[in-house]
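Student: Sequence plus the predicted model coming up.
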Amino acid sequence: MRSDQSHLRGLNPEQRQAVLHTDGPVLVLAGAGSGKTKMLVHRISHLIRSGKAEPRQILAVTFTNKAAREMRERVAAFAGDAAADVVISTFHSLGVRILREHGEALGLPRRFAIYDTRDQLGALKTAAAEVHIDDDRFDPHRVLRRISDWKTRGVTPSAARREVMAEPTRGDRSDDYAVLSADAYGKYQEVLRACGAVDFDDLLLLPVRLLEEDEEVRRAVWKRWRYVMIDEYQDTNGVQLDLARHLAGGRRNLCVVGDDDQSIYAFRGADVRNILEFERHFPGAEVIQLVQNYRSTKRILAAANAIIRGNPHRHEKTLRTDNPIGPPIDLYEHEDEVAEAETVAKEIGLRRYRHGTRWSDYAVLYRTNAQGRVLEEALREKGTPYRVVGGTGFFDRKEIADGVAYLRAVAHPDDEIAVRRIINFPTRGIGRTTVMRVAELARSRRTGFCRMLTQVGDDDVGAAQARAIAAFQALLDRARRQLRKAEEHTATHPPGSKLTPIAEWALELFRNGSGLIDAVADDEHRVHNLKDLVGAIARYERKRWADRPDAEQAYEGRPVLAPEGWEPPTLHDALARLALDQEEDDEEDDDTDAVVLMTLHSAKGLEFDEVFLVGLEEGILPHSRSIDEAPAGDPLAEERRLLYVGLTRARTRVTLSRCLTRKRGGEAVETLPSRYLDDLPDEHVNLKSADAILTPEESAELRQNFFKDMKEMLEG
DNA sequence: CCAGGGGTCCTTTTT
DNA sequence: GGACCCCTGG
């Protein structure tokens, strides 16, 4: 329970006072690598130890589950057992928590579904079909972005319509496109409600609405949390600012930490002004600046500072460090992305051997997920262990989306989007025409799509189709009955060595109930993925039981009475968790030694010994989309910040690279160097031109390395 | 009315 | 590697 206070030592007494003791609003404006999150951990443990608050009255909010997990661990290391009761949650999980307790006031079902982007797209298409939008320029993704934009600013459909009408007309068809989007927004919300579902934006928006409109909810929340902390505050959007205000309440014990130079989420509504104008939003706020960097070498900081200086409108600050100057930054120029990837793979192999480092000391960062593929290939070829963080999510895989849709169709009886997805997969004779006819019938009889399915007769659709629908309905009914049994069982029986009840039920559903596994049987990989989904449910059930206060007393095979306040695992809850936290594959987490691959966005908040930053070209960084779209403000400022974030992830060494040509749609296209390269200080940058072929000496070196690995493996 | 094949387009960043 | 569209045959 001894704490590492080194970061506090860098503070003067007032700053220390502010971080640890001050009530009222506090803004910690902290540069990269200055120990931002650590400040929050200090504050939390101090609050506990000084007795100013009970652990359960402390709330810390993060953006990602990973950040939440990390903070939980660190707080536990500082404050011991008491830390378990501190509520550390992501914004979205917090939203679920509030909605679960109070959501019924908004007409939300107790068990609401959470829609991801894919479901949102489905809902929007359903909505569009209902208002007969057949505009050929109707681009669902674009409309969805627009809708999300409104929602993150707390704009209702009717307000959106007014907003659109009030906009100066450009006189072209984009005007009616805007109106179209506003109309689609209203309908989209109706579809969500009819499905008993919320999207990610609702998870923030609806709690705020509750807090605004319901005195009782407001009081409950104020009573619940006395000290509120928010990490990465620069990434908050309009709705999150409102939420922060409500959570802080009249006490205003709100401590936020962030760095405006690391604001990289404007595309999903984040508003840097929230951190820049914190003192205006929370008058009397204490502001502390931290510019001491504990992470990187002097050279890396010099480069990072030089890059970020190019941005206007920022809290001016220059990071400094007592760390050594470090090696120069290498800049490689490659023929194409394949050569780039091969050189990265080769360099990592060599350096690891020469310096006796671990694979996990190296990270390769890129702007777009697509860049990761080539890198993976090169690393695989060399036999280098690697781990891709984020990327094409588990849930983006078709078979997983199908599996989840089955689970949801069972768990949420009104979930039209889920049902439509699986009603004819695997094919069972319910084609497009029939589905459209059912939807039409549902509308004319003013009932829901799912309810309509239980009522269609031979006159409504063909006899064969009616039979197929009845069979599908029977499938769902049977699955529901079996689920009820599984849930009863899992509620009273601690998990043993066998597969947990809900997971086992899901496997049965995939295997026999739905025929899903048969449908993908020819692809081993997909079958494996479906089993992973089952595994995720099992992990959830076990975790639920592990969280039970009397878990030790509970033993296998014997029903035990649930203690007060403990909720047994349910499919619905498992789905909510799955939607919010796409936890990585269980075993191969942090402890496996592997090179890490990820986007610059995913890298924020992390640090590595050596960082490779690839694809420093116009069109990649800055990305062409952000160059083209250039709305108000300057989107390019954000691209610059991305590079800043990338550079400041490294402790000792940064290696940059760009390609002279890059494949675009099968064609190799010439590229231009990223404009940001000009801003790097020459004296710290080493221009290299590399080829990926190993010299004989290097080959020998790597061969030896290979034998060393084998030996270690055999010994270990 | 349904299933399956083949062609075409695109692909920022994430809870 | 997808998602989507159109075409053909049953």
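Tutor: Noted; the coordinates are in hand. Keep in mind the model is a prediction, meaning the values are calculated, not measured.
Student: so where do the strands sit in the stretch 1-150 of chain A?
Tutor: Secondary structure of the stretch 1-150 of chain A (DSSP state E, counting those that start in this stretch): strands at A:26-30, A:58-62, A:87-90, A:113-115.
Student: Dump those strands into a markdown table; add mean neighbour count and mean pLDDT as well.
Tutor: Bear in mind the C-beta positions are built from the backbone N, C-alpha and C, glycine included. Shown next, in a markdown table, are these (neighbours: other Cβ atoms under 10 Å; pLDDT from 0 to 100):
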| stretch | mean neighbour count | mean pLDDT |
| --- | --- | --- |
| strand A:26-30 | 25 | 91 |
| strand A:58-62 | 26 | 95 |
| strand A:87-90 | 21 | 94 |
| strand A:113-115 | 24 | 93 |
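Student: Out of the ones you listed, the one nearest DNA strand C is which?
Tutor: Nearest to DNA strand C among the strands of the stretch 1-150 of chain A is strand A:113-115 (15.2 Å), distances taken as Cβ to the nearest atom of the strand.
Student: which helices and strands sit right next to that closest one?
Tutor: Judged by 3 or more Cβ pairs under 8 Å, 6 or more residues apart in numbering; DSSP states H and E, strand A:113-115 is in contact with strand A:197-199, helix A:571-580.
Student: Highest mean neighbour count out of those?
Tutor: Neighbour counts (mean count of other Cβ atoms under 10 Å) averaged over each of those peak at strand A:197-199, with a mean of 23.
Student: Buried residues in the helix or strand just after it, which are they?
Tutor: Following strand A:197-199 in sequence order, the next helix or strand is helix A:202-213 (DSSP states H and E). The neighbour-count check on helix A:202-213 (16 or more other Cβ atoms under 10 Å) flags A:202-211 as buried.
Student: Repeat that for stretch A:375-384.
Tutor: Using 16+ other Cβ under 10 Å as the test for burial, stretch A:375-384 gives A:375-376, A:378-379, A:384.
Student: Stretch A:662-680 too?
Tutor: Buried residues in stretch A:662-680, counting neighbours by 16+ other Cβ under 10 Å, are found at A:662, A:671, A:674-677, A:680.
Student: Inside strands: which ones of those residues?
Tutor: Counting by DSSP state E, the part of those found in strands is residue A:662.
Student: Can you tell me which of the buried residues of stretch A:662-680 lies closest to residue A:322?
Tutor: Closest approach between those and residue A:322, by Cβ to Cβ: residue A:680, at 22.6 Å.
Student: Please identify which helix or strand holds the nearest residue in space to the closest one that is not next to it in sequence.
Tutor: In this structure, residue A:680 finds its nearest non-sequential neighbour in residue A:303, 5.4 Å apart by Cβ to Cβ, 6 or more residues apart in numbering. Using DSSP H and E, the element containing residue A:303 is helix A:298-308.
Student: which strands and helices sit next to that helix?
Tutor: Under the contact criterion of 3+ Cβ pairs under 8 Å, 6+ apart, helix A:298-308 touches strand A:329-334, helix A:635-647, strand A:650-659.
Student: For DNA strand B, find the nearest of the ones you listed.
Tutor: Comparing these against DNA strand B with Cβ to the nearest atom of the strand, the closest turns out to be helix A:635-647 (7.0 Å).
Student: for the stretch 151-300 of chain A, what spans make up the strands?
Tutor: Assigned by DSSP E, counting those that start in this stretch, the strands in the stretch 151-300 of chain A fall at A:197-199, A:227-230, A:254-258, A:286-290.
Student: so how far is the shortest one off the chain centroid?
Tutor: Just to be clear, that refers to strand A:197-199. 16 Å (Cα atoms, centre = their mean, to the nearest Å).
Student: Out of the strands of the stretch 151-300 of chain A, flag the one nearest residue A:268.
Tutor: Of all the strands of the stretch 151-300 of chain A, it is strand A:197-199 that lies closest to residue A:268, at 12.3 Å by Cβ to Cβ.
Student: Pretty sure residue A:47 sits against residue A:59.
Tutor: No - counting by Cβ atoms under 8 Å, residue A:47 stays clear of residue A:59, with 11.1 Å between them.
Student: shared neighbours of those two, anything?
Tutor: residue A:227 (Cβ atoms under 8 Å, 6 or more residues apart in numbering).
Student: Which secondary structure state is assigned to residue A:592?
Tutor: Three-state assignment for residue A:592 (DSSP: H, G, I helix; E, B strand; the rest coil): coil.
Student: where does it land on pLDDT?
Tutor: In this model, residue A:592 is scored at 81, pLDDT.
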